[in-house]
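Q: Turn this into a structure:
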Amino acid sequence: LKEDWDTSGYKIFANTNEVWGERIDLPGDLVYMDNYCATLGHKVNHSFVYNCTEWFFKHPRHDLIPCTKAIRDITEGEELFLHYGYDPRNCPSWYPPALEKFIEENPEIELIEAANPERLEKAETPWYVNNILNTAFL
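A: Numbering: from 1, shown residues only. All right, here's what the predicted structure looks like:
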């Protein structure tokens, strides 16, 4: 089912108890921070060369909510970017030309890789794994 992206430009993911990954759309006046600032994920711009990823946080009022987590050190004044991870077959009208331009500028990257919102992320090893491995043979 294709979405009407002209009327749903401020979608954020909501992880409810019913369906993992349901999306909610911030209507009308709620796109402005004066009216809604419980979460700000809808304010982070897209880039195929991103410095943040989506993460989750247990909010005291809203329970589990999406948040933005840096995947590397961010310098002062640097803009935060997320890879939105849109399906190229069902996405806003601005996305296909942006994806095409990115692939033209980076011919070594295939479409499927460029569209992957986890492409730049490093696998994280929990702190305790290294502690266990380092102390296991003492």
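Q: pretty sure Tyr86 contacts Tyr95?
A: Yes. At 5.1 Å, Tyr86 and Tyr95 qualify as touching, with contact defined as C-beta atoms under 8 Å. Heads up, the C-betas are built off the backbone N, CA and C, glycines and all.
Q: residue contacts, Phe48?
A: Taking C-beta atoms under 8 Å, 6 or more residues apart in numbering, we find Phe48 in contact with 83, 98-99, 102, 114.
Q: Check the gap between it and Pro66 for me.
A: Distance of Phe48 to Pro66, computed by C-beta to C-beta, to the nearest Å: 20 Å.
Q: same thing with Trp94?
A: According to C-beta to C-beta, Trp94 stands 21 Å off from Pro66.
Q: next one: Glu100
A: From Glu100 to Pro66 the distance is 28 Å (C-beta to C-beta).
Q: Compare Trp94 and Pro66 (neighbour count), which wins?
A: It is Pro66, of Trp94 and Pro66, that has more neighbours when counted by other C-beta atoms under 10 Å, with 19 against 12.
Q: For the more buried one, list each beta-bridge partner.
A: Beta-bridge pairing for Pro66 (DSSP bridges): Phe56.
Q: Surely it is in contact with Cys52?
A: No. Proximity of Pro66 to Cys52 does not meet the contact threshold set by C-beta under 8 Å, at 11.5 Å.
Q: Name the helix or strand for Lys103, please.
A: That one is not Lys; residue 103 is Ile. Here Ile103, judged by DSSP states H and E, is contained in helix 95-105.
Q: Next, the buried residues of that helix.
A: Residues of helix 95-105 classed as buried: 95, 98-99, 102-103 (neighbour count, 16 or more other C-beta atoms under 10 Å).
Q: do the same with stretch 44-51
A: When burial is assessed from 16+ other C-beta under 10 Å, stretch 44-51 yields the following buried residues: 44, 46-48, 50-51.
Q: What about those, which are in helices?
A: Judged by DSSP state H, helices contain none of the buried residues of stretch 44-51.
Q: Show me the two of those that sit farthest apart.
A: Using C-beta to C-beta, the buried residues of stretch 44-51 reach their maximum pairwise distance at Val44 and Phe48, which is 14.1 Å.
Q: Output the below-cut-off pLDDT ranges for the chain.
A: Scanning the chain for pLDDT under 70 picks out 1-27, 31, 38-42, 122-138.
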